[in-house]
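In: Fold the following.
(one chain, ligands or ions: 1)
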Amino acid sequence: MDLSSTLRMGATTPRTAGEQIASSLADIGVRVAFGVISIHNMPILDAIARQGRIRFVPARGEAGAMNMADAYARVSQTLGVVFTSTGTAAGNAAGSQIEALTAGSPVLHITSQVDRAFVDRDRAAIHDAPRQPDMLKAVSKAYFRIWEPESAADILSAAASAALNAPAGPVTLEIPVDVQRLPVTGKRTAPVVAQPLAPSPALLDQAVALIARAKRPLLWLGGGARGASAAATELVERGFGAVTSTNGRATVAEGHERSLGAFNMTPEAQRIYANADLIVVVGSRLRGNETHNNDMPLPRPLVQIDADWTQAGRNYPADLFIGSDARLALEGLLSRLPARLDTDKGFLRDIGAAREQAETNLRAALGPYQILADALRACVWKDRRPWVRDVTIANSTFGNRFVRIAAPNLGVHALGGGIGQGIAMGVGAALVSGNPKAIVLLGDGGSQLMIGELATAVEARAPAVFLLMNDRGYGVIRNIQDAQYEGRRVYTDILTPDFGLICQAVGMAHERLAELGEFANVLERALARPEPCMIEIDMTAVGSFRESFAGPPAGAAGGRARP
Ligand SMILES: Cc1ncc(C[n+]2csc(CCOP(=O)(O)OP(=O)(O)O)c2C)c(N)n1
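Out: Residues are numbered from 1 along each chain as shown. Below is the predicted model:
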């Protein structure tokens, strides 16, 4: 049989469950998938290659592959797909899957199992992890297993639907390797079902009654509100002020005169909260590191909108909880509210002024790094670039809020605070077609976790500029040691490799800067090249930030922690 007839057969009539999975993924719209090949997933990956309908990107490790699929999902606003093998491989993906779970990213993790007769029975088959489902359930929104080849197409659609439906999140699908090889009759793929949860009209009426009494209403927009940009912006035009969490960035334009952007915990923001007389919290966990562990006073009454009913009042008591999809709830409010709310113009003016003041204060604290932050701020928003950040001082200071993003899907960062995911997230974000070259902000310490994924970036021709802030060690931890541990800098001055040589080894262009005067030009040149490249900033030569960053501000002991 020649290859072309094999390809045709593979694309039209799946003969095995593995082929069925491959063709069903393409049928539901998947165009790019990530992963690491193994005996235990070859029946599917071989079919993907033969069918030629999905681009498979081979990562160097499962952790990186998971980060790639996660970032791809966030930027493309579609399903991210990652393949791993049984046991160690699935475990390698678990840390990165926690990030996808934290950020509510719709990722489908397709992994494998030992042969059906050996599953769950601890019979020492190769790759077996007898309690693999327990591990995967702990890092997944939902978990599925395909026992019978004939159910492959339907269970795949169910798993994809579960990942995409709000509250979105990573879903794991296990398929024993022998099941992947078993014959199927060739099924039509069931469509992915997205059923946004509609709000109760009676609860919307109650919210409108509260809003009608408010003169100084605020919206707090979290990651769950990212799909409700138009409705949130319309509420702001009608007379609300806005602020976002880091995950909800740009749900309302970050430079909007009535938005605090993500400057949500500054003294200026807290003065706005003290003056506001209503807050509508949409799709936000009100995270500890963004609310002083829930000690930061927020306005009352507090109306909470969340697709996950179990979140009701968890971190702040809600005067009214609406269990609903964010967009449907905000549209329901808009349809009930007048075209102009009778709200306080002075309050709304104060919001823009508060954000500008916070931006000025932040910029002043950067010292020599102002040049760098200004240059990034000048191009990321204007060019609508994906802006991907690892957990590093540069991000915690200016990357997370000062460098504006043009749309919620263009910002990708490790919301859960795990270092080392930046390179791989950069690859995943950059491989979404239709965007200009991505910029990926990295630290030298974190980057050492997944340095191998630089090879993936080169091989996949990921259009990304990797901006490496090299302070030769774990900078933020050193700052915490100085502030809280009498300067005992233990375990933080780790060996730092020569990143120029590493780039050379994988064939990536690299430029090192010891001063920042030329930074804007160097960045422009790097952005103009189609292939991935690295700009390394030698921070030991450039010098210190004017104010050192020693971790997120802590709340009072325990915050509003409940017993
Ligand atoms: C997976 C993981 N391991 C450990 C940590 C603790 N940690 C937080 S920041 C940091 C240092 C990061 O160093 P680098 O990437 O060089 O950035 P810098 O702090 O120097 O800006 C460490 C080890 C973490 N957040 N996540």
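
In: which stretches of the stretch 351-500 of the chain have low pLDDT?
Out: The model of the stretch 351-500 of the chain has no residue with pLDDT under 70.

In: So which bits of it are right by the ligand?
Out: Where the stretch 351-500 of the chain comes near the ligand, counting by C-beta under 6 Å from any ligand atom, the residues are 391-393, 417-420, 443-446, 469, 471, 474-477. (Glycine included, C-beta is placed from N, CA and C.)

In: same question, the chain
Out: If contacts are counted using C-beta under 6 Å from any ligand atom, the residues of the chain sitting beside the ligand are 391-393, 417-420, 443-446, 469, 471, 474-477.

In: one step back: could you identify the buried members of the residues of the stretch 351-500 of the chain next to the ligand?
Out: 391-393, 418-420, 443-446, 469, 471, 474-477 (16 or more other C-beta atoms under 10 Å).

In: quick one: which of those sit in strands?
Out: In strands, judged by DSSP state E, the following of these are found: 443, 469.

In: all strands for the stretch 451-563 of the chain, in order.
Out: Along the stretch 451-563 of the chain, counting by DSSP state E, counting those that start in this stretch, strands occupy 464-470, 509-513, 533-538.

In: gap between Arg121 and His127?
Out: Computed with C-beta to C-beta, to the nearest Å, the distance linking Arg121 and His127 is 14 Å.

In: Farthest-apart pair in the buried ones among the residues of the stretch 351-500 of the chain next to the ligand, please.
Out: Farthest pair in these (C-beta to C-beta) is Gly418 and Asp471. Separation: 19.1 Å.

In: which stretches of the stretch 201-350 of the chain form helices?
Out: Chain-ordered helices for the stretch 201-350 of the chain, with DSSP state H, counting those that start in this stretch as the definition, fall at 201-213, 229-238, 267-275, 326-336, 345-365.

In: so the third one versus helix 345-365, what angle?
Out: So that's helix 267-275. Between the direction of helix 267-275 and that of helix 345-365, the angle (axes from the mean of the first three to the mean of the last three C-alpha atoms, to 10 degrees) works out to 160 degrees.

In: Show me which positions of helix 267-275 end up buried.
Out: Of the residues in helix 267-275, those with enough neighbours to count as buried (16+ other C-beta under 10 Å) are 268-270, 272-273, 275.

In: again with the first one
Out: For helix 201-213, the neighbour count (16+ other C-beta under 10 Å) marks 203-204, 207, 210-211 as buried.

In: Can I get it in CSV? Just the C-alpha atoms.
Out: Only the C-alpha atoms of helix 201-213 are listed here, as CSV (Å, rounded to 0.1, in the frame of the first residue of the first chain):
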residue,chain,number,x,y,z
PRO,A,201,-33.3,36.2,36.0
ALA,A,202,-34.4,36.7,39.6
LEU,A,203,-30.8,37.0,40.8
LEU,A,204,-30.0,39.4,38.0
ASP,A,205,-33.0,41.6,39.1
GLN,A,206,-31.6,41.6,42.7
ALA,A,207,-28.2,42.7,41.4
VAL,A,208,-29.8,45.5,39.3
ALA,A,209,-31.6,46.7,42.5
LEU,A,210,-28.2,46.9,44.3
ILE,A,211,-26.5,48.6,41.3
ALA,A,212,-29.3,51.2,41.0
ARG,A,213,-28.6,52.4,44.6
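
In: quick one: that helix to chain centroid distance?
Out: Average the C-alpha atoms of helix 201-213, do the same for its chain, and the two points are 32 Å apart (C-alpha atoms, centre = their mean, to the nearest Å).

In: Surely Thr78 is in contact with Gly29?
Out: Yes: A contact is recorded between Thr78 and Gly29 when judged using C-beta atoms under 8 Å, the distance being 6.6 Å.

In: show me where the stretch 51-200 of the chain has strands.
Out: Under the criterion DSSP E, counting those that start in this stretch, the stretch 51-200 of the chain carries strands at the ranges 55-58, 80-83, 107-113, 142-145, 171-176.

In: Tell me who's in contact with Arg213.
Out: Contacts for Arg213 were tallied using C-beta atoms under 8 Å, 6 or more residues apart in numbering; they are Leu278.

In: gap between it and Leu333?
Out: Going from Arg213 to Leu333 by C-beta to C-beta gives 14 Å.

In: Would you pull up the residue in the stretch 201-350 of the chain closest to the ligand?
Out: The minimum distance from the stretch 201-350 of the chain to the ligand, using C-beta to the nearest ligand atom, falls at Asn289 (11.6 Å).

In: and the residue of the stretch 1-150 of the chain found nearest the ligand, what is it in contact with?
Out: Distance from the ligand to each residue of the stretch 1-150 of the chain (C-beta to the nearest ligand atom) is smallest for Gly95, at 6.8 Å. Going by C-beta under 8 Å, 6+ apart, Gly95 touches 63, 418.

In: switch the cut-off to 6 Å
Out: Remark: with contacts taken as C-beta atoms under 6 Å, 6 or more residues apart in numbering, Gly95 is in contact with Ala63.

In: returning to what we had before: quick one: which of the buried ones among the residues of the stretch 351-500 of the chain next to the ligand is nearest to Arg461?
Out: Top of the list for closeness to Arg461, among those and by C-beta to C-beta, is Gly420 at 22.8 Å.

In: right, and Asn315 touches Met296 too?
Out: No: checked against C-beta atoms under 6 Å, the pair Asn315 and Met296 is beyond contact range at 10.7 Å.

In: Columns pLDDT and distance to Asp350 on top of the buried residues of helix 201-213, output as JSON lines?
Out: Output for those, formatted as JSON lines (pLDDT from 0 to 100; distance: C-beta to C-beta, whole Å):
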{"residue": "Leu203", "pLDDT": "98", "distance to Asp350": "30"}
{"residue": "Leu204", "pLDDT": "98", "distance to Asp350": "28"}
{"residue": "Ala207", "pLDDT": "98", "distance to Asp350": "24"}
{"residue": "Leu210", "pLDDT": "98", "distance to Asp350": "22"}
{"residue": "Ile211", "pLDDT": "98", "distance to Asp350": "19"}
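
In: Any chance of those in JSON lines with distance to Pro368 as columns?
Out: Written out in JSON lines, the entries for the buried residues of helix 201-213 read as follows (distance: C-beta to C-beta, whole Å):
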{"residue": "Leu203", "distance to Pro368": "52"}
{"residue": "Leu204", "distance to Pro368": "51"}
{"residue": "Ala207", "distance to Pro368": "48"}
{"residue": "Leu210", "distance to Pro368": "48"}
{"residue": "Ile211", "distance to Pro368": "46"}
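
In: Show me the beta-bridge partners of whichever residue of the stretch 301-450 of the chain sits closest to the ligand.
Out: Scanning the stretch 301-450 of the chain for proximity to the ligand using C-beta to the nearest ligand atom identifies Gly443 as nearest, at 2.3 Å. The partner list for Gly443 in beta bridges (DSSP bridges) reads Met469.

In: pretty sure it contacts Ile393?
Out: No: using C-beta under 6 Å, Gly443 is not in contact with Ile393; the gap is 7.2 Å.

In: circling back: of the buried ones among the residues of the stretch 351-500 of the chain next to the ligand, which belong to helices?
Out: Here DSSP state H is the test, and those give 393, 444-446, 475-477 as lying in helices.

In: Could you single out the nearest of those residues to Thr185?
Out: Nearest member of those to Thr185, counting by C-beta to C-beta, is Gly446, at 48.5 Å.
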